[in-house]
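1. Kindly return the folded structure for what I paste below:
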Amino acid sequence: MMAFSSEFQTELLDLMRWRRDVRRFRSDPVDDALLRDCLEAMRLAPSVGLSEPWRVISVQSETARDAMLANFQAENADALADYDGERAETYAGLKLSGMREAPVQLAVFCDEDTSKGGGLGVRTMTEMRRYSVVTAIMNLWLFARAQGLGVGWVSILDAEQAKRDLDAPDGWALVAYLCVGWPEETHTDPELQRAGWEQRSDALEVEVR
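-> Sure, this is the predicted structure:
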């Protein structure tokens, strides 16, 4: 069995603390080899039935990026309309995407129609393929952070419109739109906490049955 040192264990916890949802990026490019390493970390993730259902589109063209940004702006305006008073004012002041600045943008999908894995583990919990994609995203996120990169997950999107704009196959479902790049600054506390939107829990409560 592989044994990890106490120093490594401490550093791993530090990495998790420094993993933040980044929305403020520098414009410096990300080396292609480094990006490939991040994607390799993603490939190493576990998946239900060894189905490896993650599919990635690198969004590079101006046309595609403009479409995704317009999608975000429309959905963000609709979301703002759901709030009022002080909550609306706080929401309006939040920076909720780095899509204008991030040099790398990845649309991560789940292939719901994949035959890989033979359907093992998804008969009763069909969402397990999407959960597998999320584990792959976290692999990428932690590896990127260890290299000094920042990652931001943009979830204020119309997923079906994004799928059409990126010409994704019918059987693919959008799980995440990721902005990747060099962060302007780093923090161990969430930006939403600093902005006064919400507070992080001090401890995880576990119920016993």
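2. downstream neighbour of the helix or strand hosting Ala79 in the secondary structure list?
-> Ala79 is located in helix 62-81, with elements delineated by DSSP states H and E. The helix or strand immediately downstream of helix 62-81 is helix 85-92, counting by DSSP H and E.
3. And the strands in the chain, which stretches?
-> Along the chain, the segments classed as strands by DSSP state E run 54-58, 104-111, 150-154, 172-181.
4. What mean pLDDT does the last one get?
-> Computed over strand 172-181, the mean pLDDT rounds to 98.
5. what's stretch 182-191 in contact with?
-> 17-18, 20-26, 28, 30, 95, 148-150, 194, 200 (C-beta atoms under 8 Å, 6 or more residues apart in numbering). (Each C-beta comes from the backbone N, C-alpha and C, glycine too.)
6. Among the strands of the chain, which comes closest to Thr10?
-> strand 150-154 (22.0 Å; C-beta to C-beta).
7. In terms of secondary structure, what does that closest one contact?
-> Other helices and strands packing on strand 150-154, by 3 or more C-beta pairs under 8 Å, 6 or more residues apart in numbering; DSSP states H and E, are helix 128-146, strand 172-181.
8. contacts for the longest one?
-> Surrounding helix 128-146, the residues in contact under the criterion C-beta under 8 Å, 6+ apart are 15-16, 18-20, 37-39, 41-48, 51-54, 108-112, 114, 121-122, 150-151, 153, 173, 175-176, 178, 180.
9. Please, a PyMOL command that selects the buried ones among those residues?
-> The following PyMOL line selects those of the contacts of helix 128-146 that are buried, judged by 16 or more other C-beta atoms under 10 Å:
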select buried, resi 19+20+38+39+41+42+45+47+48+51+52+53+54+108+109+110+111+112+114+121+122+150+151+153+173+175+176+178+180
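10. hang on, the earlier thing: and the helices and strands packed on strand 150-154, which is most packed in?
-> strand 172-181 (a mean of 23; mean count of other C-beta atoms under 10 Å).
11. Ignoring the adjacent residues along the chain, who's closest to the spatially most central residue of the chain?
-> Centroid-nearest residue in the chain, with C-alpha atoms, centre = their mean: Trp153, separated by 3.6 Å. Spatially, and ignoring its direct neighbours in sequence, Trp153 is nearest to Ala176 (5.3 Å; C-beta to C-beta, 6 or more residues apart in numbering).
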